[in-house]
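> One predicted model, sequence on top.
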Amino acid sequence: MTAPHVIVLFGATGDLAKRKLLPGLLRLTQAGLLTDTRIVGTSLEQLTTEEFVAKARAACAEFGKGQLDDGKWEIFAEMLSFVSQSEGPHALAEAVRKAEADLGAPGEVQLLHYLSVPPKAALSVIRQLAEARLVDRARIIMEKPFGTDLESAVALNNEVHEVFDEDQIFRIDHFLGKEAAQNILAFRFANGLFEPIWNRNFIQHVQIDVPETLGLEGRTAFYETTGAFRDMVVTHLFQVLAFMAMEPPTSLAPGPISDEKLKVFRSMKTIEPHDVVRGQYNGYRGKEEVAEYSDTETFIALRIEIDNWRWAGVPFFLRTGKKLAEGARVISIAFKEPPLSMFPAGSNAGMQGPDHLTFDLADQSRMSLSFYGKRPGPGMQLEKLSMQFATHETASAVGVLEAYERLILDAMKGDHTLFTTAAGIEALWEKSIPLLQNPPPVRAYAPGSWGPNAIHQLIAPHAWRLPF
Ligand code: BG6
């Protein structure tokens, strides 16, 4: 249960709102998790509330999961209103006051501003909120990217801090809202079994592999100025890496978790160009909105090292890219092999590399442990075995929230645990300086492949775990 809320959704007619935010808010309503709430949609479009409600319904029909059939749509539709951003701050303030009055508790309502707008527009929205006096009793959710390098991130944080305090700001990274990402914390810190071996003495290397089959699907202009490193690595992949690598926090409260993540970021070695493979799929340069000799990477693989006692000498390999052979979001931990093999020659024909613990961050998340055992039958032949646990098989229908749903709810409760901080983001940009100043040239790769061949040298003598 949350306090009465007015959610102001900036970019309410945009792509993210259609695909994730409106269907997500509807689902939270259906699950009984969004009571006493009004949602004021706003964007540069000129719409009446009726027109906005119709658009929201179409979005939920297209991107929701059969959610319009349970009779709760009407309840949700009643919660919606719309005001065009071009009508200015006073009209916005008026729309919020009306929504507060509707809730019957003006002056006591908590405001949540969701800035689902491009980075360039975020600052003008923040100024508009200040002019409309919608800052007290308010929290804001900001979307990535949080700057494009250290300088721009510091400038952005400073400007936002002129209006909002850090504890009012929720920088969203939807990978942290995925069930499986949170399961890393549960798995590591609720069990005595693995934490003692979670270090350089037992772990050989770690892979965080997020290949995508998707291309750019109408986002080419955005992507051409962003690239895979800024779009995926400096945000999602590094956040997941921090969950894998952090020390046990003093408690699960947001402050201690952010502190431990920050220590991981600060312990990372700077990212040097020779530890990075950048790729661009054949055909990208021919696309509209792409420069003729574009140097934007649609693929990136990196070797990251964390210079602390737990991880010294254990490489973390990260990979992500567009138009690759398979879509997956997999973290795998390769354990060190036994110091000597005592199995007779020929018995280990089935052995392919080390045993692994794998977290699959797919929506239907899964964890698995693969190890070697004896193949049944005469003699001693080894084979790879696997134990699997699928989260969704034990969850109730409303039990599993999608990442955005979970994170919106957390922001409403004022819980920063799964959000990123200004200091964390600035630390990551600082580590990225050598790469950003001197990026290695992009290498071509064929759509449908696993990226440029150089990725094998990057990870040698180990091998990429995918494809399984
Ligand atoms: C987004 C990136 O943040 O995450 C996209 O901008 C990417 O380029 C997407 O495709 C991946 O998210 P998910 O949840 O589909 O793995």
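Received it, and whenever you're ready, just let me know what you need.
> Now the residue of the stretch 301-450 of the chain found nearest the ligand. Nearest residue, chain neighbours left out?
Closest approach between the stretch 301-450 of the chain and the ligand, counting by Cβ to the nearest ligand atom: residue 329, at 5.5 Å. The way it works is simple: take the backbone N, C-alpha and C, and place the C-beta from them, glycine included. When the adjacent residues along the chain are set aside, residue 329 lies closest to residue 361, with 3.8 Å between them (Cβ to Cβ, 6 or more residues apart in numbering).
> What's the local residue count around that neighbour?
The tally of other residues near residue 361 (other Cβ atoms under 10 Å) stands at 22.
> which residues sit in contact with it?
For residue 361, the contacting residues are 175, 178, 180-181, 210, 240, 329-331, by Cβ atoms under 8 Å, 6 or more residues apart in numbering.
> got it, and residue 353?
With contact taken as Cβ under 8 Å, 6+ apart, residue 353 is in contact with 334, 462-463.
> same thing with residue 285?
With contacts defined as Cβ under 8 Å, 6+ apart, the neighbours of residue 285 are 291-294.
> what does the stretch 201-350 of the chain put close to the ligand?
Listed as neighbours of the ligand in the stretch 201-350 of the chain under the rule Cβ under 6 Å from any ligand atom: 212, 214, 231, 329.
> which residues touch the second one?
Shown here is residue 214, whose contacts under the criterion Cβ under 8 Å, 6+ apart are 322-323, 327.
> From those, list just the buried residues.
Burial by neighbour count, 16 or more other Cβ atoms under 10 Å: within the contacts of residue 214 this picks out 322-323.
> which non-adjacent residue is nearest the residue nearest the centre of the chain?
Among the residues of the chain, the smallest C-alpha distance to the mean C-alpha position (Cα atoms, centre = their mean) belongs to residue 175, namely 2.4 Å. With Cβ to Cβ, 6+ apart as the criterion, residue 175 has its nearest non-adjacent residue at 3.9 Å, and that residue is residue 236.
> the helices in the stretch 301-450 of the chain, which residues?
Taking DSSP state H, counting those that start in this stretch as the test, the helices found in the stretch 301-450 of the chain are 403-413, 422-431, 433-437.
> For the second one, output the C-alpha coordinates as CSV.
Output of helix 422-431 as CSV, limited to C-alpha atoms (Å, rounded to 0.1, in the frame of the first residue of the first chain):
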residue,chain,number,x,y,z
ALA,A,422,24.8,10.5,-9.0
ALA,A,423,28.1,9.4,-7.5
GLY,A,424,27.9,5.9,-9.0
ILE,A,425,27.2,7.2,-12.4
GLU,A,426,30.0,9.8,-12.3
ALA,A,427,32.5,7.0,-11.1
LEU,A,428,31.6,4.9,-14.1
TRP,A,429,32.1,7.8,-16.6
GLU,A,430,35.4,8.5,-14.9
LYS,A,431,36.6,4.9,-15.5
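> Packing partners of that helix?
For helix 422-431, the contact count by 3 or more Cβ pairs under 8 Å, 6 or more residues apart in numbering; DSSP states H and E identifies helix 150-163, strand 169-171, helix 254-267 as packing neighbours.
> How about residues contacting the first one?
Looking back up the chat, that one is helix 150-163. Contacts made with helix 150-163 from outside it, assessed by Cβ under 8 Å, 6+ apart, are listed as 119, 122-123, 126-127, 129-130, 135, 142, 146-147, 169, 422, 425-426, 429-430, 432-433.
> again with the second one
The set of residues external to strand 169-171 that reach it, using Cβ under 8 Å, 6+ apart, is 139-142, 144, 146, 160, 407, 410-411, 416, 419-422, 425.
> of all these, which comes closest to residue 441?
Distance from residue 441 was checked for each of the contacts of strand 169-171 by Cβ to Cβ. The minimum falls on residue 144, at 26.0 Å.
> how many other residues sit next to the closest one?
For residue 144, the neighbour count with other Cβ under 10 Å is 19.
> my guess is it meets residue 238, correct?
No - in this structure, residue 144 sits apart from residue 238 without contact. The criterion is Cβ atoms under 8 Å, and the distance is 11.5 Å.
> now the contacts of residue 214 as JSON lines including distance to residue 264 and pLDDT?
JSON lines is the format used below for the contacts of residue 214 (distance: Cβ to Cβ, whole Å; pLDDT from 0 to 100):
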{"residue": "322", "distance to residue 264": "27", "pLDDT": "98"}
{"residue": "323", "distance to residue 264": "31", "pLDDT": "98"}
{"residue": "327", "distance to residue 264": "27", "pLDDT": "95"}
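> circling back to that earlier point, right, and the helices of the stretch 301-450 of the chain - which one's nearest residue 373?
Shortest distance between residue 373 and the helices of the stretch 301-450 of the chain, using Cβ to Cβ, is found for helix 403-413: 35.5 Å.
> In that closest one, which residues are buried?
When neighbours are counted by 16+ other Cβ under 10 Å, the buried residues of helix 403-413 are found to be 403-412.
> quick revisit: wait, which of the contacts of strand 169-171 is closest to residue 453?
When the contacts of strand 169-171 are compared for distance to residue 453 (Cβ to Cβ), residue 144 comes out closest, at 30.5 Å.
> Helix, strand, or coil at the closest one?
Look at residue 144: counting by DSSP: H, G, I helix; E, B strand; the rest coil, its state is coil.
> got a list of what it touches?
Contacts for residue 144 were tallied using Cβ under 8 Å, 6+ apart; they are 171-173, 235.
> List only buried entries from the residues you listed.
Neighbour-count burial (16+ other Cβ under 10 Å) is assigned, among the contacts of residue 144, to 171-173, 235.
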